[in-house]
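# Can you look at this prediction? I've put the sequence above it.
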Amino acid sequence: MSQLSDEFRAAFRHHPAGVALITASVDEIPYGLTISSLASLSIDPVAVSFSLAKESGAAGAVLAAPSFLIHMLGEKHEALANNFARPGAPRFTPDQNFHLLPTGEPYFADAPVAFRSTIHSSVSVGGSRLIAAEVHDILRGEEQQHLLHQNREYLKLSGLFAAIHQD
């Protein structure tokens, strides 16, 4: 890696980002992966963007699926985010509280928000793929603060708000 790449990586490690879980089914097999690159892209059509670091495994399933869900994770989903970020960790277990939607996507109903989406377009950039996804449905779940990620740790806004209000 170049010095520029190292400095770029270090800069983004300290930039807080929301945590999302993307789920899809291919041939009735559920797949999922944790991302922190979700961003609003367009209001007409309603669209978001995210990046995938590879095009195999769960990322490949998202690329191949007819549609997928993007769950914005809440503060109580730290273990879920970890499981879908680590290879070999338990996924889609009964205690993770998911079910399949009639359209086939695995859905975690207690996530604050989920977007049912399809790929609008994508572009390869280096070893990654930038995805523009059109949002077709917005599913509301349990109201809660969203989970953040910064410097390889999860952050909870409720803890930050509580500390501010104590001062």
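Yes, it's here.

# Next, work out how far apart the residue sitting nearest the centre point of the chain and T103 are.
Nearest to the mean C-alpha position of the chain, counting by CA atoms, centre = their mean, stands A20 at 2.4 Å. Distance, A20 to T103, by CB to CB, to the nearest Å: 19 Å. In this view, the C-beta of every residue, glycine as well, is placed from N, C-alpha and C.

# How far does stretch 87-101 sit from its chain's centre?
Relative to the centre of its chain, stretch 87-101 is centred 15 Å away, using CA atoms, centre = their mean, to the nearest Å.

# quick one: H99 and Y107, what's the gap?
Distance, H99 to Y107, using CB to CB: 6 Å.

# sorry, that was for D6
The gap separating D6 from Y107 is 39 Å, by CB to CB.

# quick one: average confidence on the helix or strand containing R9?
Using DSSP states H and E, R9 falls within helix 3-13. Helix 3-13 carries an average pLDDT of 88.

# now swap in stretch 121-139 and tell me
Averaged over stretch 121-139, pLDDT sits at 95.

# go on, stretch 103-117?
Mean pLDDT, stretch 103-117: 96.

# can you give me how far it is from the chain middle?
Centroid separation for stretch 103-117 versus its chain: 11 Å, with CA atoms, centre = their mean.

# go on, stretch 6-25?
9 Å.

# CA-only coordinates of it in PDB, if you can.
C-alpha atoms of stretch 6-25 as PDB (Å, rounded to 0.1, in the frame of the first residue of the first chain):
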ATOM      1  CA  ASP A   6      -2.600   4.400   4.400                       C
ATOM      2  CA  GLU A   7      -3.500   8.000   5.200                       C
ATOM      3  CA  PHE A   8      -6.800   7.700   3.400                       C
ATOM      4  CA  ARG A   9      -7.700   4.600   5.400                       C
ATOM      5  CA  ALA A  10      -6.700   6.300   8.700                       C
ATOM      6  CA  ALA A  11      -8.800   9.300   7.900                       C
ATOM      7  CA  PHE A  12     -11.900   7.200   7.300                       C
ATOM      8  CA  ARG A  13     -11.300   5.100  10.400                       C
ATOM      9  CA  HIS A  14     -12.000   8.200  12.400                       C
ATOM     10  CA  HIS A  15     -15.000   9.300  10.400                       C
ATOM     11  CA  PRO A  16     -18.200   8.000  12.100                       C
ATOM     12  CA  ALA A  17     -20.600   6.200   9.800                       C
ATOM     13  CA  GLY A  18     -24.000   4.500  10.200                       C
ATOM     14  CA  VAL A  19     -24.100   0.700  10.300                       C
ATOM     15  CA  ALA A  20     -26.300  -1.200   7.900                       C
ATOM     16  CA  LEU A  21     -27.000  -4.800   7.100                       C
ATOM     17  CA  ILE A  22     -27.800  -5.900   3.500                       C
ATOM     18  CA  THR A  23     -29.700  -9.100   3.100                       C
ATOM     19  CA  ALA A  24     -30.700 -11.000   0.000                       C
ATOM     20  CA  SER A  25     -31.800 -14.500  -1.100                       C
END
